[in-house]
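Participant: got a predicted structure plus its sequence, pasted below:
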Amino acid sequence: MTTYRISTDPSETDFDAVYGFISRSYWAAGIPADTLRRGLEHSLNFCVLADSGELVGFARVITDQATFAYLCDVFVLEDHRGQGLSKQLMAAIMADPRLQGLRRFMLATADAHTLYEQFGFSAPAKPQNLMEICIPDIYQRR
């Protein structure tokens, strides 16, 4: 039976594995490697690692570590789903000392609302107060 652990040690982030998944994801298809690498360098990265050392899940949090955080790029590889790893990953993120006492913690999801609701996330109380610049096909324009 495979055992898993969650690491925030940057040296354990397998960039090729993360890029392999995210560059084919619905939210960042075609993202250039250098763009993703720069994003990871400026984020808190959470890796789900199998006992073999293989990266099987990942999430990153963009944050000032004081008032605001944005959760993104969350995934568990298909062969490792159904074992509660996404819940373990979310529990580790929510317990991280660098992410305590934030005024706002946000995310965007197309299909995992029930997972995030378990950790206190909900639709914005005042969506009319939120604005965005959204360019969904930005990576295809390059």
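Facilitator: Structure received.
Participant: for this protein, longest helix please?
Facilitator: helix 85-95 (DSSP state H).
Participant: buried ones in the helix or strand containing residue 40?
Facilitator: Element membership of residue 40, judged by DSSP states H and E, is helix 33-41. In terms of neighbour count (16 or more other Cβ atoms under 10 Å), helix 33-41 has its buried residues at 36, 39-40. Yep, even glycine has a C-beta here, placed from its N, CA and C like the rest.
Participant: give the contact list for residue 110.
Facilitator: Applying Cβ atoms under 8 Å, 6 or more residues apart in numbering to residue 110 gives the contacts 26-27.
Participant: repeat for the one 5 residues further on
Facilitator: Residue 115 is in contact with 86-87, 90, counting by Cβ under 8 Å, 6+ apart.
Participant: between those residues, which is nearest residue 128?
Facilitator: Nearest to residue 128, judged by Cβ to Cβ, of those is residue 90 at 27.8 Å.
Participant: so, low pLDDT: which residues of this structure?
Facilitator: Residues of the chain that meet the criterion pLDDT under 70 lie in 142.
Participant: go again with 90.
Facilitator: 1-2, 136-137, 140-142 (pLDDT under 90).
Participant: which residues in it form helices?
Facilitator: 15-22, 33-41, 85-95, 113-117.
Participant: show me what the longest one is in contact with.
Facilitator: Same thing as helix 85-95. Defining contact as Cβ under 8 Å, 6+ apart, one finds that helix 85-95 is touched by 4, 6, 46, 48, 56-57, 59, 61, 71, 74, 76, 99, 112, 115-116, 118-120.
Participant: quick check on those residues: which are buried?
Facilitator: Buried among the contacts of helix 85-95 by 16+ other Cβ under 10 Å: 4, 6, 46, 48, 56-57, 59, 61, 71, 74, 76, 99, 116.
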